[in-house]
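K.L.:
One predicted model, sequence on top.
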Amino acid sequence: MYQIPGSVRTLPARSADELLRNWHRQSRFFKSPTLSGYMAQFADVFHQVSGGLQLRTDTPENFVADLIQHGWLGKA
């Protein structure tokens, strides 16, 4: 389970891969047909809105670890 800091809502997922697959499936903004494409599009926008923070897109585990490290996601 994951949680967005400051929110009481949890994001049900047993792994980083499951979390990203859920986000990818539900996304209205990033329409890439692949998970790696979704991560790349998300990372580009994240870089712009976060003031230059980077997200690794090589694996779902690294992607989610970076979101956690930057304080945008936590484990519930």
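P.N.:
Perfect, thanks for sending it. Residues are numbered from 1 along each chain as shown.
K.L.:
Run a quick neighbour tally on Asn22.
P.N.:
By other C-beta atoms under 10 Å, 14 other residues sit near Asn22. Placement of C-beta: from N, CA and C, glycine included.
K.L.:
Could you pull up phi and psi at it?
P.N.:
phi -60, psi -50 (degrees, to the nearest 10).
K.L.:
next one: the one 4 residues further on
P.N.:
Summarising the backbone geometry of Gln26 under the convention degrees, to the nearest 10, its torsions are phi -90, psi -10.
K.L.:
From Tyr38, how far out is it?
P.N.:
11 Å (C-beta to C-beta, to the nearest Å).
K.L.:
so where do the helices sit in this structure?
P.N.:
16-26, 35-49, 60-69 (DSSP state H).
K.L.:
Comparing these, which comes out most buried?
P.N.:
helix 60-69 (a mean of 18; mean count of other C-beta atoms under 10 Å).
K.L.:
okay, the angle between that one and helix 35-49?
P.N.:
20 degrees (axes from the mean of the first three to the mean of the last three C-alpha atoms, to 10 degrees).
K.L.:
so helix 60-69 versus helix 16-26, what angle?
P.N.:
90 degrees.
K.L.:
Contacts for helix 60-69 next, please.
P.N.:
2, 15-17, 19-20, 35, 39, 43, 53-57, 73-75 (C-beta atoms under 8 Å, 6 or more residues apart in numbering).
K.L.:
go on, stretch 48-59?
P.N.:
Counting by C-beta under 8 Å, 6+ apart, 16, 36, 39-40, 42-43, 46-47, 62-63, 65-67, 70, 72 sit against stretch 48-59.
K.L.:
Now render the helices of the chain as CSV, adding distance to Thr10 and mean pLDDT.
P.N.:
Converted to CSV, the helices of the chain look like this (distance: least, C-beta to C-beta, whole Å; pLDDT from 0 to 100):
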stretch, distance to Thr10, mean pLDDT
helix 16-26, 11, 94
helix 35-49, 20, 96
helix 60-69, 14, 97
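K.L.:
Tell me which of those helices lies nearest to Ser7.
P.N.:
helix 60-69 (13.7 Å; C-beta to C-beta).
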